[in-house]
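Undergrad: Sequence first, then the predicted structure:
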Amino acid sequence: MVRGLTAAVLLAAPLAAPRAAELAGVTMPDSQVVDGTRLVLNGIGLRTFSILGIKIYVAGLFLTQRSSNAESILNSPEPKALDIRFLRDVDAEQAHKSWRNGFANNCRPPECSVDQHDVEEFISRVPAVRAGDESRILFTSKGARLTLNGQVMGTITNPHFAQVLLRTFLGPAPPTALLKRELLGQE
């Protein structure tokens with residue numbers, strides 16, 4: 001009886017193991033606990049650049065519950081995490097340009113406004129990254145915390161600015177339309 005039960009447990013174990021998603025050689029877990037909250041992988045996407053399809057990073061969006069509605073995600077006070085694994089080096093100038101375009105294209109008056117000084121302050125702190133670097137932006141109802149390779153790079157204490165930051169990925173003009181659909185679990 002015990003031997004049969006042990007065999008049944010061993011056979012069932014792989015079925016109970018956490019699933020993971022893989023894209024472009026990057027694996028992200030199906031769920032993770034962040035600051036005591038269980039977040040599930042909503043979608044995983046690949047950021048490419050130019051018609052050549054140069055692979056820049058793989059991003060995974062983690063939510064308290066899956067959703068394909070960008071506005072619901074943006075307006076939710078629930079914690080969210082955006083994990084980014086870089087596939088190539090990106091110098092600070094390129095990163096600054098990308099963030100500047102993201103803010104300009106996804107936060108346009110009158111429906112969205114953000115203090116340009118805050119945008120420039122944020123961009124000035126964005127470092128160069130190297131292939132293999134891992135970044136996380138943890139969004140909460142109070143703002144956001146940014147880490148690079150496990151080290152806190154900064155904290156945003158303005159919830160609206162944090163929401164606009166997430167809009168650069170899920171807003172009307174994301175880095176690529178495919179990346180947005182992938183993060184929303186639509187692909």
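TA: Arrived safely, thanks for sending.
Undergrad: count of residues packed around Ile44?
TA: For Ile44, the count of nearby residues is 25 (other CB atoms under 10 Å). (C-beta placed from N, C-alpha, C; glycine too.)
Undergrad: So it: helix, strand or coil?
TA: strand (DSSP: H, G, I helix; E, B strand; the rest coil).
Undergrad: Check it and give its pLDDT.
TA: At Ile44, the model reports a pLDDT of 98.
Undergrad: That one and Leu82 touch, don't they?
TA: No: between Ile44 and Leu82 there is no contact under CB atoms under 8 Å: 11.0 Å.
Undergrad: so what sits against both of the two?
TA: 59-61, 183 (CB atoms under 8 Å, 6 or more residues apart in numbering).
Undergrad: want to throw those residues into CSV with neighbour count, distance to Leu39 and secondary structure?
TA: CSV is the format used below for the shared contacts of Ile44 and Leu82 (neighbours: other CB atoms under 10 Å; distance: CB to CB, whole Å; DSSP: H, G, I helix; E, B strand; the rest coil):
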residue, neighbour count, distance to Leu39, secondary structure
Ala59, 24, 14, strand
Gly60, 25, 10, strand
Leu61, 27, 9, strand
Leu183, 24, 13, helix
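Undergrad: Relative to Pro174, how far out is Ala20?
TA: The gap separating Ala20 from Pro174 is 24 Å, by CB to CB, to the nearest Å.
Undergrad: Much appreciated, bye for now.
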